[in-house]
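Visitor: Structure for this input, please:
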Amino acid sequence: MKRLLILSTFYSGGGAALMARSTLEAVRARGIEARMLVSGPLPDDAPPYVRRVSGAKWTVLRYLEKLQTLVSLRGRRENLFRFSTASKGLSEVLRDPWFEWADTVHLHWVQQSLLSLSDLGKILERKDKKILWTLHDLWPLTGGCHSPYTLGAEGETVLCGRFRERCGRCPVLRKVPQDPFDLSSRLFREKMSWAVENVTFLAISRKMEAAIKQSPIGSKGKTIFLPNFFDPSLFFVQKDTPRERRILFVAARPDDPVKGLDLAKEALRKASARHPGFKDEFRFSLVGTPKDETILSDWPLPLERIPRPSRAELANLYRTSTLTLSSSRMETFGMTLLESLASGTPVVSFSIDKPSTFLREGTNGSFAPPFDTGALAECILRVCHPEVPFDPETVARTVEAFREDTVMERFILL
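Guide: As a prediction, the model looks like this:
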C-alpha cells in the first residue's frame, strides 16, 4: 500500500464517515500517501487531500434515487433510509485522476448515490488495484436493506436471514403477497455479478465476519476481521476528573428505531419508579439530533440536549459522565461504547450482537438481556449506585486491543 484512495459518501455525520476520516488521517500520520473522495458536503476547513465530486449533480441524483426508493417502499417513509437501490451514482469517480493515481481503493459507506451498482461493479473489476471494503452495515451483502432486521410485536429485533438465500420476499418492501422475485431479489442478482473475488472485505465485528462468510456474495471474496479503533489522544482516562450525575446517550440520529431510544425511555422510567430520588439525582444528556422530537416529550429524567459537540468535547462528556447508555436493538460495532470505555466510563446496554471482547459484566459495565427494559433499569441502577466503585483505569484497559496504533499496524500491511 503506497497510494491509498478512500471513497465515502460523507465526510462527517455518522459512525461510518467518522471511521473513513479517521482511517485517512491515521494512514497519513504513518507516512502513506492517502486521499479521499466524497459526494456529501465538506466543511470550509477540509484538508486539500479531501475533495468533493460533483456536488450539484450528486444532490439531484440523491433526490431522484430517494424518490425511486420511496415508490418501491410504497410511500413508507419510515423505511426510506433502511433501503438503498444504488440506481444512481457519480461515474466521474472512475475517471477521476485520484482514482487512477491510487494503487489501493478503500470503500467505506458509499450509498445514497456516490456509487451505483454499475459503478461498484466496474471498480471491483479493476485487477490492477487492491480493493478493500469496510462493511459498516450489511448492504453490500443484501438485496437493498442496510440492516436486515424487523421489529417484533414486543419491540424485539427479529433478524432476517434472507440475504443468505439471495433475498426476495423482503420484509422491508413488505409487498403482500410477498414476491420471491421482488426488487430485493433483482438487486441481489446484480450484486452476484460483481467480481467479488478481487475484494478484501474488512469486518468490523466477529458477527459481521460471520455474516460475510455466510453470504453468497461475500463468500466469493476474502474476509479479514479488522475492528474500528479509538484515538488514544482523544479518549483516555484523566485522573481525578470529577464525575457529573449524568447518563450519556450518543447517536447521530437518536430517534432511528434501531437506536432504541423508546426502550431507554421506558428503562429510565422503571429505574425512577424503583429507586426513589433517582430522577432528582441524575440527568439524561442526549448527544445527537433527532428528526422526530416527539419521542423526547414527557422524558422521565431532566433532559440535556447536546446536538453537535466536537470530538474533544465528546471525549470530555464521556470522561465526566456516570455511565454511557446504549439501548440499541442492533449494532454492527458499538463505537460509542468503545469510546466511553477508553475514557474510563462504564457502559450499560443490551447484550445484543457486538464485539463482546470489550464488554465485560462487572468489569466495565452491566448488560441486560434483549430487550428487557426492566433488566436494563436494574443495570442502570447497578452502575449508578455501585457497591464497589468502578476504577476508570481498569475500565479503560479492557479496550487496549482497539487502540488506533494496534489496528492501523495491521491495516497498513494489507
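Visitor: The residue nearest to residue 256 when sequence neighbours are not counted: which element?
Guide: Once flanking residues are discounted, residue 256 sits nearest to residue 81: 7.8 Å by CB to CB, 6 or more residues apart in numbering. All C-beta spots, glycine's among them, are computed from the backbone N, C-alpha and C. Per DSSP states H and E, residue 81 falls between elements, in no helix or strand.
Visitor: can you map out the strands along the stretch 251-400 of the chain?
Guide: For the stretch 251-400 of the chain, the strands defined by DSSP state E, counting those that start in this stretch cover 283-287, 303-306, 323-325, 347-350, 365-368.
Visitor: Reformat these as JSON lines; add mean pLDDT, mean neighbour count and distance to residue 48.
Guide: Shown next, in JSON lines, are the strands of the stretch 251-400 of the chain (pLDDT from 0 to 100; neighbours: other CB atoms under 10 Å; distance: least, CB to CB, whole Å):
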{"stretch": "strand 283-287", "mean pLDDT": "98", "mean neighbour count": "21", "distance to residue 48": "30"}
{"stretch": "strand 303-306", "mean pLDDT": "96", "mean neighbour count": "14", "distance to residue 48": "31"}
{"stretch": "strand 323-325", "mean pLDDT": "98", "mean neighbour count": "26", "distance to residue 48": "35"}
{"stretch": "strand 347-350", "mean pLDDT": "94", "mean neighbour count": "26", "distance to residue 48": "38"}
{"stretch": "strand 365-368", "mean pLDDT": "92", "mean neighbour count": "24", "distance to residue 48": "41"}
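Visitor: Output these as CSV; include the columns distance to residue 117.
Guide: As requested, these are exported to CSV (distance: least, CB to CB, whole Å):
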stretch, distance to residue 117
strand 283-287, 34
strand 303-306, 38
strand 323-325, 37
strand 347-350, 34
strand 365-368, 38
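Visitor: what's the closest of those strands to residue 140?
Guide: strand 347-350 (25.9 Å; CB to CB).
Visitor: What is that closest one packed up against?
Guide: Here strand 347-350 touches strand 323-325, helix 335-342, strand 365-368, helix 373-384, going by 3 or more CB pairs under 8 Å, 6 or more residues apart in numbering; DSSP states H and E.
Visitor: Any idea which of the strands of the stretch 251-400 of the chain gets closest to residue 250?
Guide: The minimum distance between residue 250 and those falls on strand 283-287, with 4.3 Å, by CB to CB.
Visitor: Quickly run through the sheet partners of the closest one, with directions.
Guide: strand 246-250 (parallel), strand 303-306 (parallel) (DSSP bridges).
Visitor: Dump it to PDB, restricted to CA.
Guide: Extracted in PDB, the C-alpha atoms of strand 283-287 (Å, rounded to 0.1, in the frame of the first residue of the first chain):
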ATOM      1  CA  ARG A 283     -29.900  13.900  34.300                       C
ATOM      2  CA  PHE A 284     -30.100  12.400  30.800                       C
ATOM      3  CA  SER A 285     -27.700  14.000  28.300                       C
ATOM      4  CA  LEU A 286     -28.600  13.300  24.700                       C
ATOM      5  CA  VAL A 287     -25.900  13.800  22.100                       C
END
